[in-house]
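K.L.:
model this:
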Amino acid sequence: MERIFKLRERKTDVRTEIMAGVITFMTMAYILVINPTILSASGMSFERVFAATAIISAVATLVMGLFANLPFALSAGMGLNAFFSYTVCVGMGYSWRWALTAIFCEGVIFLLLTFFNIREAIVNSIPTSLKKAIGAGIGFFIAFIGLQNAGIVVGGATLVELSPDWFRGAAGVAMLGLVITSILLVKKVKGAILIGMIATTLLGIPFGVTRYAGGKFLPSAPYFCPFAFNEIFANGKSVFDFIVVLFTFLFVDMFDTVGTLIGCAGKSGIIRPDGSIPNCREALLADAIGTTGGAMLGTSTVTTFVESASGVAAGGRTGLTAVTTSVMFLLALFLEPLFASIPSAATSPALMIVVVMMISPIKEIDFNDYADGIPAFLCVLFMVCAYSISDGIMFGILSYVLINALTGGIRKIDRMSWVLVVLFVLRIIMKAMV
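P.N.:
Predicted coordinates for the structure are as follows:
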């Protein structure tokens, strides 16, 4: 264990890493139910997508753990799965096989970009102030997700508002879980987040929030290479739409992954003094393998999950955390009814607590230097308000380059940052065409 994962070097131990891996899985287990539900709107089989999601999550996370030695987990990305079903398939009228072909091609492009170190260069080119802002922004973002999942914050006349039922039902159980988890953390109880989730799950039983989902304990078979290259070349419009959709998947996935890696690596304390992330290339390779393999098995784009922050907050520092999460995904193939029974009221408190542990880097940003402070602020603001990690990074980078270029700070701008500006402009154009 020590030779593979360098536990002593990163000041951790086997027990802490395994606990962190279980916590990471618990906070992201919802994807095993949510992803098949969303993709079934495109005509895909719920059971086969469930199997594909579990298998590719296990494989990609295992690659992350063994080759990158980082405590991050991967699975089918939220947002892109909705774009897959509701925009590409339902809205544009293309088949799910057509959409999977676009994701497969995106994955191949990712593999090439990773092989030539282009994606690593992008990560390293992001200014230090924005890297700290990205970590804090992701913290606020996942806290917002936790509030929504618990039903504490809902849509209303003011866009979002406090639910009138925040003190009862699932929302009330989540609030109690938040109190329980907070007390455990203040008391420095080992495994506080996991214990809090288990306690909240049990607490939800008498309130009718935790219910046994039912179903079989035998895994279904995923799809295998269900591509439709012939549909792409049916006509000129199909070819053009395919290119637009492919690059939409590419841009969003790239910067979601970059943002998550930076944010979680910052919290785990493994970012080097020069701002680079150790084994970044291997981490991005895990993402590229996940996306390519996921398309071959029948699921949408795979990306590094922001919920990895929960495991990092619990002490996860090495790939052993990711390996543990990978094993949990494999077990989930046989325990679908049990994992589907974990209510969002039990995972939401963990997501809300994580923000406290992730926002600390923001105090290191010099907000008195407006050339750094304004882009950092816009990065956090748009990440939460636009409900998108990639959009937050986009506004952060664009504002950083424009402000510094127009105020005499052009020498501060890395050459790769100019490339990112061009990519973001292309992304805006592509998005307008969809």
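K.L.:
report the longest helix in the protein, please.
P.N.:
Ranked by number of residues, the top helix in the chain under DSSP state H is helix 236-268.
K.L.:
how about it: buried residues?
P.N.:
By neighbour count with 16 or more other C-beta atoms under 10 Å, helix 236-268 contains the buried residues 241-242, 244-268. The C-beta positions use only the backbone N, C-alpha and C, and glycine is treated the same way.
K.L.:
helix or strand next in line after that helix, which one?
P.N.:
Elements were assigned by DSSP states H and E; along the chain past helix 236-268, the next helix or strand is helix 280-297.
K.L.:
what helices or strands is that following helix leaning on?
P.N.:
Contacts defined by 3 or more C-beta pairs under 8 Å, 6 or more residues apart in numbering; DSSP states H and E place helix 280-297 against helix 46-63, strand 74-76, helix 96-115, helix 118-125, helix 236-268, strand 302-304.
K.L.:
mean pLDDT added to the ones you listed, as CSV?
P.N.:
Formatted as CSV, the helices and strands packed on helix 280-297 follow (pLDDT from 0 to 100):
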stretch, mean pLDDT
helix 46-63, 95
strand 74-76, 95
helix 96-115, 94
helix 118-125, 80
helix 236-268, 82
strand 302-304, 92
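K.L.:
turn those into CSV, including distance to Tyr223.
P.N.:
Shown next, in CSV, are those (distance: least, C-beta to C-beta, whole Å):
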stretch, distance to Tyr223
helix 46-63, 6
strand 74-76, 13
helix 96-115, 8
helix 118-125, 27
helix 236-268, 18
strand 302-304, 15
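K.L.:
of the ones you listed, which is nearest Lys431?
P.N.:
helix 236-268 (6.4 Å; C-beta to C-beta).
K.L.:
what angle sits between that closest one and helix 280-297?
P.N.:
Here helix 236-268 runs at an angle of 140 degrees relative to helix 280-297 (axes from the mean of the first three to the mean of the last three C-alpha atoms, to 10 degrees).
K.L.:
run the chain-centre distance for helix 236-268.
P.N.:
Relative to its parent chain, helix 236-268 has a centroid offset of 12 Å by C-alpha atoms, centre = their mean, to the nearest Å.
K.L.:
got the angle for it vs helix 118-125?
P.N.:
Using the same axes, to 10 degrees: helix 236-268 against helix 118-125 is 50 degrees.
K.L.:
contacts only, for Thr324.
P.N.:
If a contact means C-beta atoms under 8 Å, 6 or more residues apart in numbering, then Thr324 has 17-18, 20-22, 24-25 as its contacts.
K.L.:
and what of Leu378?
P.N.:
392, 395-396, 399.
K.L.:
so which of those residues are in helices?
P.N.:
Applying DSSP H to the contacts of Leu378, the entries found in helices are 392, 395-396, 399.
K.L.:
so which of the residues you listed is the closest to Gly293?
P.N.:
Among those, Gly392 lies closest to Gly293 (C-beta to C-beta), at 27.8 Å.
K.L.:
what about the residue nearest to Gly319 when sequence neighbours are not counted, distance to Gly77?
P.N.:
What sits nearest to Gly319 in space, not counting adjacent residues and going by C-beta to C-beta, 6 or more residues apart in numbering, is Gly65, at 3.5 Å. For Gly65, the distance to Gly77 equals 19 Å [C-beta to C-beta, to the nearest Å].
K.L.:
of those two, who's got more company?
P.N.:
Gly77 (31 against 28; other C-beta atoms under 10 Å).
K.L.:
quick check: that one touching Asp253?
P.N.:
Yes: in this structure, Gly77 is within contact of Asp253 by C-beta atoms under 8 Å, at 6.6 Å.
K.L.:
which residues are in contact with each of those two?
P.N.:
Common contacts of Gly77 and Asp253 (C-beta under 8 Å, 6+ apart): 301, 303.
K.L.:
what about the strands in the stretch 101-250 of the chain?
P.N.:
Under the criterion DSSP state E, counting those that start in this stretch, strands of the stretch 101-250 of the chain are mapped to 153-156, 159-162.
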